[in-house]
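In: okay, structure incoming, though there's no sequence with it:
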């Protein structure tokens, strides 16, 4: 713009084709990184810190917002989508068990039956659910 013969006022008002759209996309990406910085930069490998505790609804919101941004957000977005996918798989598998424990969920998997008969809980059922969550999901689900 400095090389143009326009006045300073005209230069500041001149916008290249696609510039405003690209600026908007960058603002969306920056807002996503700022909003979820504490989650996407969390390192759960520290034994002192332990796992970050999030609801699956929050994971879903983070992944959905990232997917709505028409830019490649790199590893952080890929990681959040993978974590959400793992959490969704886990909750789909163990939703009935969670309900049997009387735990309220902020997320109800599609097709989950609300009037399932209540069966007795076994330690093996609970142990399997906890082991799967610890092995597959790097965050603790608040459900």
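Out: Nice, I can see it. This structure is a prediction, so every number in the text was calculated from the model and none was measured.
In: mind pulling up the pLDDT for residue 116?
Out: Listed pLDDT for residue 116 reads 62.
In: helices along this protein, start to end?
Out: For the chain, the helices defined by DSSP state H occupy 8-13, 19-35, 37-40, 56-68, 75-100, 123-136.
In: let's have those helices in TSV, adding distance to residue 108, mean neighbour count and mean pLDDT.
Out: In short, each C-beta sits where N, CA and C put it, glycine included. What follows is the helices of the chain, written out as TSV (distance: least, C-beta to C-beta, whole Å; neighbours: other C-beta atoms under 10 Å; pLDDT from 0 to 100):
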stretch	distance to residue 108	mean neighbour count	mean pLDDT
helix 8-13	51	10	74
helix 19-35	25	13	92
helix 37-40	22	14	89
helix 56-68	10	17	93
helix 75-100	7	18	90
helix 123-136	17	12	83
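In: between these, which gets nearest to residue 107?
Out: Residue 107 sits nearest to helix 56-68 of all the helices of the chain, at 4.2 Å, using C-beta to C-beta.
In: if we look at the closest one, which residues are touching it?
Out: If you take C-beta atoms under 8 Å, 6 or more residues apart in numbering as the criterion, helix 56-68 is touched by 28, 32, 35-36, 39-40, 73, 76-77, 80-81, 83-84, 87-88, 91, 105-107, 139, 141, 143.
In: ok, 10 Å please
Out: Defining contact as C-beta atoms under 10 Å, 6 or more residues apart in numbering, one finds that helix 56-68 is touched by 28-29, 31-33, 35-36, 39-40, 54-55, 73, 76-88, 90-91, 105-109, 137, 139, 141-143.
In: check stretch 122-132 too.
Out: Contact with stretch 122-132 is made by 86, 89, 90, 93, 94, 96, 97, 98, 100, 101, 119, as judged by C-beta under 10 Å, 6+ apart.
In: same thing but at 8 Å, please
Out: Contact partners of stretch 122-132, identified using C-beta under 8 Å, 6+ apart, comprise 90, 93, 94, 97, 101.
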